[in-house]
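Undergrad: below are the sequence and a predicted model; questions follow.
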Amino acid sequence: MGFSQQVLDWFSSYGRKHLPWQGQSAYCVWLSEIMLQQTQVATVIPYYNRFMHHFPSVTQLANAHIDEILNLWAGLGYYSRARNAHQCAKIIVENYAGEFPRRLDALCQLPGIGPSTAGAILALAFNQRATILDGNVKRVLCRYAGIMGYPGEHKIQKKLWHLAEKLTPQANVADYTQAMMDLGAMVCTPKNPKCSSCPLQSNCFALQHQQVTDLPTKKTRKPLPQKHKYFLVLMNEKSQVLLMKRPSIGIWGGLWSFPEYDEKTQIIDDCLRRLGLSVQLKRELAHFKHSFTHFRLMITPITALVNKVLYSEVMDKDQYFWYNLDQPLTIGVAKPVKTLLKNISN
């Protein structure tokens, strides 16, 4: 029995068949695939359901304000995915009359869609023969075929794409694609894989050569550098807290956050010069850490009060916003900002 048939037979008995986006439109499949990039299914499902409740069609997503989208996305991380999804939805509506293209090259030209995501859309939504190579599939193939080398390297990627293309069957592509993702997520897991339950165990190189824990080859990791920032928690006479919109590029791109500083001594002068506000610093709150892919951020919140408004710089710019802590949060903020807002409102 060949590789793909073994995988399909396993899927028939054990695969996931009741995920909320399965058997749905290309829009549903696309949205789930964008959310599933670097995120596990269990985490994605509640976010997906909330998005579908607010934006049941690609047109409604395209017409939504980015702040509303980022607010619903908050906590899911990798916020460029949300911004790309918004741009992609606009293009689908404007250039494709609200219908997702059925060609790999056309899909890959859309924001946030790479070859693997495009392949998943074609296979799962349209049952077209297309190849995927997400993290789960890479792990299965590296172990099965004994492919050495970090999967992120170009030459290893090329080898994996070639193998994935070769193994993808001509028929039952939707089931096979879901099966490969399920096999990696449920059986061929990063830690403590269930090799005795794997349909590929008789021909698995890693299992036969006792190298399951060695494959895929891990990337050589350097210690994460640590950065430190002060978050200014500035209150006005109405007990509203000042938030500012971050640049669209960079960490927490497009989200609302507290004004931040490298040094505590910068705050008073900056508030005068940039915001037109005379402020009085009060106290430092307990610092906390937030980890990103490439560094750890140490955050020290500092509370402050507005003494005097010298000019209306804050009110005259869309970059700033006085947030009423008693009102529901309807704008996009990063998880640590949301947590801090909740703490200071209690």
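TA: Arrived safely. Being a predicted model, the structure only gives us computed values, none of them experimental. Numbering: from 1, shown residues only.

Undergrad: and for residue 132, nearest residue in space, chain neighbours not counted?
TA: Counting by C-beta to C-beta, 6 or more residues apart in numbering, residue 132 lies nearest to residue 119, which is 4.4 Å off, once chain neighbours are set aside. Yep, even glycine has a C-beta here, placed from its N, CA and C like the rest.

Undergrad: contacting residues for that neighbour?
TA: For residue 119, the contact set (C-beta atoms under 8 Å, 6 or more residues apart in numbering) comprises 104, 130-133, 177.

Undergrad: and which of the residues you listed is nearest to residue 5?
TA: Using C-beta to C-beta, residue 177 comes nearest to residue 5 of these, at 14.7 Å.

Undergrad: ok, that closest one to residue 62 distance?
TA: 26 Å (C-beta to C-beta, to the nearest Å).

Undergrad: among the two, which residue is more densely surrounded?
TA: Taking neighbours as other C-beta atoms under 10 Å, residue 177 and residue 62 compare with residue 177 leading, 26 against 19.

Undergrad: helices of the stretch 151-300 of the chain, residue ranges please.
TA: In the stretch 151-300 of the chain, the helices defined using DSSP state H, counting those that start in this stretch lie at 154-167, 173-186, 205-208, 267-270.

Undergrad: mind giving me the domain split of the chain?
TA: The domain map for the chain lists 3-214, 226-345, with the assignment taken from automatic domain parsing.

Undergrad: which of those is buried the deepest?
TA: Greatest average neighbour count among the domains of the chain goes to domain 3-214 (a mean of 18), per mean count of other C-beta atoms under 10 Å.

Undergrad: just the endpoints, please. Distance across it?
TA: 22 Å (C-alpha to C-alpha, to the nearest Å).

Undergrad: circling back: need the helices of the stretch 151-300 of the chain in TSV (columns: mean pLDDT and distance to residue 246).
TA: Below are those laid out as TSV (pLDDT from 0 to 100; distance: least, C-beta to C-beta, whole Å):
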stretch	mean pLDDT	distance to residue 246
helix 154-167	97	32
helix 173-186	97	33
helix 205-208	97	43
helix 267-270	93	16
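
Undergrad: adding distance to residue 278, write these out as a markdown table.
TA: Shown next, in a markdown table, are the helices of the stretch 151-300 of the chain (distance: least, C-beta to C-beta, whole Å):
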| stretch | distance to residue 278 |
| --- | --- |
| helix 154-167 | 55 |
| helix 173-186 | 55 |
| helix 205-208 | 65 |
| helix 267-270 | 8 |
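
Undergrad: nearest to residue 93, of those?
TA: helix 173-186 (25.3 Å).

Undergrad: output the closest one as PDB, restricted to C-alpha atoms.
TA: Extracted as PDB, the C-alpha positions of helix 173-186 are listed here (Å, rounded to 0.1, in the frame of the first residue of the first chain):
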ATOM      1  CA  VAL A 173      -6.900  15.600  -2.400                       C
ATOM      2  CA  ALA A 174      -9.000  17.500   0.200                       C
ATOM      3  CA  ASP A 175      -9.000  14.500   2.600                       C
ATOM      4  CA  TYR A 176      -5.300  13.800   2.000                       C
ATOM      5  CA  THR A 177      -4.400  17.400   2.700                       C
ATOM      6  CA  GLN A 178      -6.400  17.500   5.900                       C
ATOM      7  CA  ALA A 179      -5.000  14.000   6.800                       C
ATOM      8  CA  MET A 180      -1.400  15.200   6.500                       C
ATOM      9  CA  MET A 181      -2.100  18.200   8.800                       C
ATOM     10  CA  ASP A 182      -3.900  16.000  11.300                       C
ATOM     11  CA  LEU A 183      -1.200  13.300  11.200                       C
ATOM     12  CA  GLY A 184       1.400  15.900  12.200                       C
ATOM     13  CA  ALA A 185      -0.800  17.500  14.800                       C
ATOM     14  CA  MET A 186      -2.200  14.400  16.400                       C
END
